[in-house]
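Just a sequence and a predicted model for now, questions to come.
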Amino acid sequence: MKTTVPKLLPLLVLLSIAVACERERRPVGGAASAPLGAPVYASTASVTAIQNVSHVLEIAPRSADEPAVIDPAALYTQNCSACHQATGQGIAAVFPPLDKSPYVIGDNVERMASIMIYGLVGPMKVLGNQYSSAMVGLGATLNDEQLAAIATYIRSNWSNEASPVAAEVFAAAREKWGTRGPFNIQELGEEG
Ligand code: HEC
């Protein structure tokens, strides 16, 4: 006995070093701290525990370079529906409709982009009805991607079936008009 232990000692030391190295390689916290997208293995954990882990991964904060998710319907609700209504019908004689409006579904998307960025004041007709009110532009609060998402949403919602609008349309409008106040509809071209 006295002779075997010292003989085994170097071997034991080697073994413990090997075990320590193996531990080192494993991330602290195990599966939950695995990188996003990496498969998560759980040998003894219950299904609920696995579900909890994937839930945590889903709501993990996004990295700064990842663009925020744009929710067009929510953007419309937050920025437009107070006046134009969830139905897109507006309010008679006060807020014009977006549903079926030629300013929305027409090919002149630059005009709609300009209205959305800078706003609109003064008398105008939409679908035969007269309005004379004011819309404040949203160009200072929303970026081009958000505006394009709303534009695409209102062109394809309700009974509208027009094509999507790219963020570049808004960028071009900002480039063209620079810093200015709301338009009068005559400046942008009135519909007949
Ligand atoms: C504070 C109320 C208000 C908000 C908020 C508002 N608008 Fe308007 N909008 C108006 C009014 C009022 C007019 C008509 C202005 C006039 O009489 O010259 C108008 C006109 C328009 C027009 C042209 C006329 C038509 O009905 O087609 C479009 C397009 C439009 N708005 C889109 C939007 C979009 C998209 C949003 C959200 C990003 C928005 N508006 C937010 C009040 C508002």
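Nice, I can see it.

C-alpha from now on. contacts and neighbour counts both.
Noted.

What residues does the protein have near the ligand?
Proximity of the chain to the ligand is confined to 76, 79-80, 82-83, 95-98, 101, 103-104, 112, 116, 120-124, 126, 131-135 under the rule C-alpha under 6 Å from any ligand atom.

Would you write a PyMOL line that selects the buried entries of the residues you listed?
Buried members of those, defined by 16 or more other C-alpha atoms under 10 Å, are picked up in PyMOL with:
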select buried, resi 76+80+83+95+96+97+98+101+103+104+112+116+120+121+124+126+131+134+135
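
Looking at the residues of the chain next to the ligand, which are in strands?
120-124, 126, 131-135 (DSSP state E).

Make a markdown table out of these and add pLDDT.
Listed next are those as a markdown table, based on pLDDT from 0 to 100:
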| residue | pLDDT |
| --- | --- |
| 120 | 98 |
| 121 | 98 |
| 122 | 96 |
| 123 | 97 |
| 124 | 97 |
| 126 | 98 |
| 131 | 97 |
| 132 | 96 |
| 133 | 95 |
| 134 | 97 |
| 135 | 98 |
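
Closest one of these to residue 172?
residue 120 (18.3 Å; C-alpha to C-alpha).

Using the record's assignment, carve this structure into domains.
The record's domain parsing of the chain by automatic domain parsing lists 4-58, 72-188.

I'd like the average pLDDT over stretch 74-88.
Model confidence over stretch 74-88, given as mean pLDDT, is 98.

and it, how far apart are its ends?
End-to-end distance of stretch 74-88 (C-alpha to C-alpha, to the nearest Å): 14 Å.
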